[in-house]
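A.B. asks: Sequence first, predicted coordinates after that:
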Amino acid sequence: MIPRIKNRSNWGFVSGRISVLESGFLPKEFFLNMINTEKVDDVIALLQETSVKDYISPGTVWLGEDLGTIFDRCFNDMAFSIRGDCPVSLPVDIFLIKNDYLNLKTAMTGKKSFVFPPCLFSIDMLSSIADGDYSDLPPSFKESPEWSGTEIFDISPGNLDIMLDGAYLRHLLFFSRQTESELIKKYIHYRVISHLIIILWRALNQGISLKRYQQYLPPLGDLTHLIDELAGIGGIENWRSIIGGEVGELLFECCEYEEIDNISVFDYRVMNYLSRLAHDGAYQTAGPERVLAFILGFSIEIQNLKLIVTGRINRVDPNFLKNRLKDCYV
């Protein structure tokens, strides 16, 4: 078991609030019941018993795309609300920073139609970047050796995407250096490694040379060597020996599956592993680890709801939905 930091009295208020909110988490049986419910309208009606009930008006006709937006808004509202009660926002920022980088990608194409609510990257900062003032780019992006500080439009869209992926992962690693919690450090470590595997695996499946990733993805601190090592060894099934540990075993097992999309299976199984890892923080009375466990648990609950409702609307096989349900908080 990863040692937890001692309880912190200044985290008492947000942890007490989480104690109340945890009582609303849904058991796996609820999700299975949603999947087995015959009519889609009845599936949507069951949302009145979930955390998204305040976002849905009974009787409204919904499309899967509309509901997807509602689920995202529900998670973001909860995350920002909890963030406002935290003495330090880091355990929530870990989950919100991805949206900041999606907004940053929009800004770097010269557009200001930001889809996600800003967290660490303000609208003013993003708008300035969209207008061509690159001095406001985050340090995580400027650390890339391929950034010359001149024109973004000199970089091909594909290479820019890789640089943004690298910046996002560097930001997560920055969070890791800012916390004294071994649990949070471990969560970030495995999250970065698994995300790196998925990035490179998708590139191989698309026939993209990993040399581009060796050039545009670094630096990643102590994990930089993984990019070169994974790119230099033939066959995904051989990556296990480099990755090692639980994530390496999950990767090896997923390579054995006769699935069309092994990457999705790997992502699913890693998420369950990270969920079990982070859930240990739920036993902290007051502290950042308690917040990490709750936000991840709430995120997974929203993902499960979104999977089921959009899947049922689009007539996805119920057995497929059951097999993709992520581990519940309770």
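C.D. replies: Ah, there it is.

A.B. asks: Surely residue 105 and residue 165 touch.
C.D. replies: No. Taking contacts as CB atoms under 8 Å, residue 105 lies outside contact range of residue 165: 10.0 Å. (Glycine included, C-beta is placed from N, CA and C.)

A.B. asks: quick one: which of those two has more around it?
C.D. replies: Set residue 105 next to residue 165 and count neighbours by other CB atoms under 10 Å: residue 165 wins out with 19 against 16.

A.B. asks: Does the more buried one lie in a helix or a strand, and which?
C.D. replies: Using DSSP states H and E, residue 165 sits within helix 157-178.

A.B. asks: Ok, residue 295 next?
C.D. replies: Judged by DSSP H and E, residue 295 forms part of helix 288-313.

A.B. asks: For that helix, enumerate the helices and strands it packs against.
C.D. replies: Where contact means 3 or more CB pairs under 8 Å, 6 or more residues apart in numbering; DSSP states H and E, helix 288-313 is packed against helix 12-22, helix 28-36, helix 40-45, helix 64-85, helix 90-108, helix 182-205, helix 262-279, helix 318-323.

A.B. asks: in the last one, what counts as buried?
C.D. replies: When neighbours are counted by 16 or more other CB atoms under 10 Å, the buried residues of helix 318-323 are found to be 318, 321.

A.B. asks: list the helices and strands that helix packs on?
C.D. replies: By 3+ CB pairs under 8 Å, 6+ apart, helix 318-323 packs against helix 28-36, helix 288-313.

A.B. asks: OK, contacts around the residue nearest to residue 34 when sequence neighbours are not counted?
C.D. replies: By the measure of CB to CB, 6 or more residues apart in numbering, the closest residue to residue 34 outside its immediate chain neighbours is residue 308, 4.9 Å from it. Residues near residue 308 by CB atoms under 8 Å, 6 or more residues apart in numbering: 31, 34, 35, 43, 321, 325.

A.B. asks: of all the residues you listed, which two lie farthest apart?
C.D. replies: 43 and 325 (14.3 Å; CB to CB).

A.B. asks: on that earlier part again, quick one: average confidence on the helix holding residue 165?
C.D. replies: Averaged across helix 157-178, pLDDT comes to 96.

A.B. asks: likewise stretch 20-36?
C.D. replies: 95.

A.B. asks: residues of that stretch that come out buried?
C.D. replies: So, applying 16+ other CB under 10 Å, buried residues of stretch 20-36: 21, 22, 25, 26, 30, 31, 34, 35.

A.B. asks: go on, stretch 89-102?
C.D. replies: Using 16+ other CB under 10 Å as the test for burial, stretch 89-102 gives 89, 90, 91, 92, 93, 94, 95, 96, 97, 99, 100, 101.

A.B. asks: Thanks a lot, see you next time.
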